[in-house]
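In: Sequence below, structure please.
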Amino acid sequence: MVVNRKRKVSRYRGSNTNGGGSSKKRRGSGSRGGFGRAGTGKRAGQKKAGLKDFRLGRAKGFLPRRGTVKGEGINVGEFTSKTIATFVESGVAVKEGTVYVIELSKLGCHKLLGTGATDLKLKIIADEVSAGAEEKVKATGGEVVLGKKASTPKAE
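Out: Residues are numbered from 1 along each chain as shown. Prediction:
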């Protein structure tokens, strides 16, 4: 087997193309247009199809037609004696006899959810209530009031 002892680079000395054929074929990135998003400048005809010009501050995607969520839900298990005490101190909850009255809108929540359990008597005013949460509150002797129905009387 014949061994090439001389490096190929030394054979290309004095050649304009270094084994690339015509001088037009291996000119670098200029002949292929560049790499990545090259050519997306402001000159006419240079914008790449399918790529948005993010520098112009255009919105990404579409806005959903469905309504936005009003807020978050809170679980029944969050109402422990420790958290209720902090709610009473901050003025979010009020103690009326043995019952704690809590308005969820003051907490930034709109729905009462049923995960967890509580052993306190609660009167909870909420926009929405799950069935499981309502059962758990009533089992301890409390009650659930739907805020929208309680605050807006029906016009006759």
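
In: how about low-confidence regions in this protein?
Out: By pLDDT under 70, the low-scoring segments of the chain are 29-31, 33, 36-63, 67-71, 148-156.

In: in it, which spans are helices?
Out: 8-11, 29-32, 81-90, 104-107, 131-139, 147-151 (DSSP state H).

In: can you tell me which of those helices comes nearest to Asn75?
Out: Between Asn75 and the helices of the chain, the shortest gap by Cβ to Cβ is with helix 131-139, which sits at 7.7 Å. Quick note: C-beta positions are derived from backbone N, CA and C, even for glycine.

In: what about stretch 114-132, start to end distance?
Out: Using Cα to Cα, to the nearest Å, one end of stretch 114-132 lies 5 Å from the other.

In: give me the number of residues near Gly141?
Out: 11 (other Cβ atoms under 10 Å).

In: Could you save the helices of the chain as TSV and add columns showing mean neighbour count?
Out: Output for the helices of the chain, formatted as TSV (neighbours: other Cβ atoms under 10 Å):
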stretch	mean neighbour count
helix 8-11	9
helix 29-32	9
helix 81-90	13
helix 104-107	16
helix 131-139	16
helix 147-151	11
